[in-house]
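3D, please:
(one chain, ligands or ions: 1)
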Amino acid sequence: MINVFQPALGAEELEAVGRVFVSNWVGRGRLTEQFEQAFADYVGVSPGRLHSINSCTEGLFQAAAVLDFGPGDEVILPSLSFVGAANAIAVAGARPVFCDVDPRTLNATAEHIEACITPRTKAILVLHYGGVPCEMDAICALAAAKGIPLIEDSACSVASSYHGQACGTIGDFGVWSFDAMKILVTGDGGMVYCRDPERAARLDRLTYLGLEQASGFTQAQRGFRWWAFEVSEFGRRSIMNDIAAAIGLEQLRKLPAFIERRRQVHAFYDAALAEAGWLQTPPALPPGVESSYYFYWVQAGSPHRSGLAHCDGERRDRLAAHLRERGIYTTFRYYPLHHVRGYDSDAQLANADLAAETTLCLPQHQGLSDNDLGRVVEAVLAFDA
Ligand SMILES: Cc1ncc(COP(=O)(O)O)c(C=O)c1O
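Alright, predicted model coming up:
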């Protein structure tokens, strides 16, 4: 089976984990701090604004806590978002308000977001679909004009940048994921960026039980009653550990090579699938942006009508089944949340519906061999569209 996503872990990660075992310090410690420092350098922010965390979902929940989401608040996010983002809003008692997306990039634009703004809008959350940055100039200008905080879900965009600035560091909050299906993998884990120093300090406390002292590690430096503590507000325990950080440090060193291979995969698909007139490959990257090449998505409209302007996913679903029968796993990200009954949304989002009916993510990861790519393309071109 050719996986749609897959981590690339090697001997270096295994040796790094071995050293953690030998050190006998497996919890949060020196390596976690090193990883935070290295990641802060990588995305170009000061380490005090960046916190490692045990998952990106937890980072979204913590952003909701730090921004005080609560009953009566609305938070705008694209319908094609990760379920954890909407849950973080809903658990806080606020209402997720789903906006539409561009039908080709699957990113929300400033216009889509603006259409959902009300006096109750507490925050805007954007997702850089597949690692391609949203049009951040227009979105940041809108957020600033309305005085609304902006959260970037950068789970897909660990190596993406917009006019030279790393995605995740452009808004007020940014969250990255290092889970098992991401590009940089630590098992589970993530980072949170917080622009405002006071909010960053609060985030620091809330990710470790609300304790005034950063960790038991720093407490132990005290010479007297080192077991005493103070809680300023009630937080959770959301920290990374040194096993994950040891893996993350090795993965960060390999990241440029991962991205280069993903770029090659993307270019190979673009060239090879150009001859399949019945599907559309992803739009070309706009100038001034870098992608992480997290997804490679194709769009296939209805065979019975022309173009993409129809919403029966029949051809896309048949393509997915055809590839699966040939040992090629595909998927669609992200299932449209305005159709998830639990969120009780009455939004009418034509582009999100269209994208959700026509889009399929092909295998895209740094472990794909040229032979794998040949198999995928051959199977797609052999499909009876
Ligand atoms: C866009 C997006 N945001 C957030 C997450 C959550 O990441 P994690 O699994 O680290 O909690 C994911 C995971 O798939 C994701 O794809």
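
Residue 201: neighbour count?
13 (other CB atoms under 10 Å). For the C-beta atoms, the positions are set from N, CA and C on the backbone; glycine is no exception.

Please identify the helix or strand for it.
helix 197-206 (DSSP states H and E).

avg pLDDT for that helix?
Mean pLDDT, helix 197-206: 95.

Run through the residues of the stretch 51-200 of the chain sitting next to the ligand.
55, 56, 57, 82, 84, 127, 153, 155, 156, 177, 179, 190 (CB under 6 Å from any ligand atom).

Residue 348 looks like it's in a strand, true?
No. Read with DSSP: H, G, I helix; E, B strand; the rest coil, residue 348 is coil and lies in no strand.

Distance of it relative to the ligand?
23 Å (CB to the nearest ligand atom, to the nearest Å).

What of residue 65?
16 Å.

Now do the same contact list for that residue.
92, 206, 235 (CB atoms under 8 Å, 6 or more residues apart in numbering).

how about the strands in the stretch 251-385 of the chain?
Per DSSP state E, counting those that start in this stretch, the stretch 251-385 of the chain carries strands over the ranges 279-280, 289-290, 296-300, 359-362.

Sort out which residues of stretch 229-247 are buried, please.
Neighbour counts over stretch 229-247 (16 or more other CB atoms under 10 Å) mark 235, 238, 239, 240, 241, 242, 243, 244, 245, 246, 247 as buried.

Contact partners for the most centrally placed residue in the chain?
Nearest to the mean C-alpha position of the chain, counting by CA atoms, centre = their mean, stands residue 155 at 1.6 Å. Contacts for residue 155 (CB under 8 Å, 6+ apart) come out as 56, 82, 127, 175, 176, 177, 182, 190.

what do you get for residue 139?
108, 109, 110, 113, 124, 126, 150 are the contacts of residue 139 under CB under 8 Å, 6+ apart.

Serialize the residues you listed to CSV and add fields for pLDDT and neighbour count.
Formatted as CSV, those follow (pLDDT from 0 to 100; neighbours: other CB atoms under 10 Å):
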residue, pLDDT, neighbour count
108, 98, 30
109, 98, 21
110, 98, 19
113, 98, 27
124, 99, 28
126, 98, 32
150, 98, 21
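
circling back: identify those among the residues of the stretch 51-200 of the chain next to the ligand that sit within helices.
56, 57, 84 (DSSP state H).

pLDDT score for residue 92?
98.

what about residue 271, distance to residue 351?
According to CB to CB, to the nearest Å, residue 271 and residue 351 sit 27 Å apart.

Which of those two has more residues huddled nearby?
Shown here are residue 271 and residue 351; by other CB under 10 Å, residue 351 has more neighbours (20 against 11).

Isn't that one up against residue 99?
No. Look at residue 351 against residue 99 with CB atoms under 8 Å: they stay out of range, at 9.9 Å.

Which neighbouring elements make contact with the longest strand along the chain?
Longest strand in the chain by number of residues (criterion: DSSP state E): strand 121-127. Counting contacts by 3 or more CB pairs under 8 Å, 6 or more residues apart in numbering; DSSP states H and E, strand 121-127 is packed against strand 74-78, helix 83-91, helix 136-146, strand 150-153.

out of these, which comes closest to residue 257?
Taking CB to CB, strand 150-153 is the member of those nearest to residue 257, at 24.9 Å.

how close does the closest residue to residue 322 other than its chain neighbours get to residue 337?
Nearest residue to residue 322 in three dimensions, chain neighbours excluded: residue 383, at 5.1 Å (CB to CB, 6 or more residues apart in numbering). According to CB to CB, residue 383 and residue 337 sit 29 Å apart.

Of those two, which one has the most company?
residue 337 (24 against 16).

The more buried one reaches residue 343, doesn't it?
Yes. Using CB under 8 Å, residue 337 is in contact with residue 343, at 5.9 Å.

Thanks a lot, see you next time.
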